[in-house]
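Student: 3D, please:
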Amino acid sequence: MGELIPIVAIVMGMMTILIPITGFTARFALKPIAEAVARMKEAQGSGQHVALLEQRVALLEQQQSITETDLEKVLEVQQFQEKLLSSAGEEA
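Tutor: Coordinates of the predicted model:
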């Protein structure tokens, strides 16, 4: 039992120094791994973001196409009305 006290004292003394050293070592060793995992998750999120933007652009293109079609119809109606008005003016 007498030999156990010095051994415990030495182990406890070494642990007060080794625990912070182990913490710093783990921090510097694990930081690049944690950053790589964070970048990988961010890249996956940006892939979803790009897909969402592509979908929005496709919808905008579809809406523009519909608007152009409607505009062409309005122009045809306007030309038809102008022809009607000009032919009605010639008859009168």
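
Student: CA atoms for contacts and neighbours, from now on please.
Tutor: OK.

Student: poorly predicted segments of this protein, please.
Tutor: 92 (pLDDT under 70).

Student: could you pull out the helices in the chain for me?
Tutor: Counting by DSSP state H, the chain has helices at residues 4-91.

Student: now A34: how far from K73?
Tutor: Distance of A34 to K73, given as C-alpha to C-alpha, to the nearest Å: 59 Å.

Student: same deal with E42?
Tutor: In this view, E42 and K73 are 47 Å apart by C-alpha to C-alpha.

Student: equivalent analysis for L85, please.
Tutor: 18 Å.

Student: what does V57 give?
Tutor: Distance from V57 to K73, by C-alpha to C-alpha: 24 Å.

Student: repeat for A58
Tutor: From A58 to K73 the distance is 23 Å (C-alpha to C-alpha).

Student: could you dump stretch 48-59 to PDB, C-alpha only?
Tutor: C-alpha atoms of stretch 48-59 as PDB (Å, rounded to 0.1, in the frame of the first residue of the first chain):
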ATOM      1  CA  GLN A  48     -29.600  21.200 -54.000                       C
ATOM      2  CA  HIS A  49     -29.500  25.000 -54.300                       C
ATOM      3  CA  VAL A  50     -28.300  24.800 -57.900                       C
ATOM      4  CA  ALA A  51     -31.100  22.300 -58.700                       C
ATOM      5  CA  LEU A  52     -33.700  24.600 -57.200                       C
ATOM      6  CA  LEU A  53     -32.300  27.600 -59.200                       C
ATOM      7  CA  GLU A  54     -32.400  25.500 -62.400                       C
ATOM      8  CA  GLN A  55     -36.000  24.700 -61.700                       C
ATOM      9  CA  ARG A  56     -36.800  28.400 -61.200                       C
ATOM     10  CA  VAL A  57     -35.100  29.400 -64.400                       C
ATOM     11  CA  ALA A  58     -37.000  26.700 -66.300                       C
ATOM     12  CA  LEU A  59     -40.300  28.100 -64.900                       C
END
